[in-house]
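Novice: Would you be able to build a 3D model of this:
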Amino acid sequence: MRRTAALTTVLSLLLSTTILFLGNQAASAQQQPEIRRQLLLQQDSTIPGYELYMIIVEIPAGVSEVRHTHPGPLAGYVAEGELILEHEGRPRATYKTGTSFLVEAGKIHQGINMGSVTVKLIATLVVEKGKPANSPAP
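Specialist: Numbering: from 1, shown residues only. Alright, predicted model coming up:
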């Protein structure tokens, strides 16, 4: 009887510790800052068969985008902060508030915020209708 009670107590403590640990892990994961995207405009382009997207992208301090591509050109304008851009075929570049950049269709790239404030940029994409606006890079 004592063994059963002791075993039950040990199992209860183990289960409680596990639940507490997993709860802390979930809370920690929920607190990770995420990139926010706000679609400002999506409409047919003046180029037949293409759509135009205009998006506000906010990258929190210390956060990086995943490496990705777009099926059409992307023009970006840094409205706030400092963006580091890794771009296939070019050296890593830093863009400060008030500067702009171009990413050619199909080029792998990644925006990185190594600063202490959120980077806010305006991105304009021209995308062939029916294609996804972006795809993760292999």
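Novice: where do the strands sit along this protein?
Specialist: 36-44, 50-59, 68-69, 74-80, 82-87, 93-96, 100-103, 109-112, 119-128, 135-136 (DSSP state E).
Novice: Contacts only, for M54.
Specialist: M54 makes contact with L39, L40, L41, Q42, I122, A123, T124, L125, according to Cβ atoms under 8 Å, 6 or more residues apart in numbering. All C-beta atoms are positioned from the backbone trio N, CA, C, and that covers glycine.
Novice: so what's the fifth one bridging to?
Specialist: Same thing as I122. I56, Y77 (DSSP bridges).
Novice: Wait, it touches G76, no?
Specialist: Yes - counting by Cβ atoms under 8 Å, I122 does reach G76; the two are 7.0 Å apart.
Novice: between the two, which one's more packed in?
Specialist: Neighbours per residue, other Cβ atoms under 10 Å: of I122 and G76, the larger number sits with G76, 22 against 15.
Novice: and that one, what does it touch?
Specialist: G76 neighbours (Cβ under 8 Å, 6+ apart): L83, Y95, S100, F101, L102, V103, L121, I122, A123, T124.
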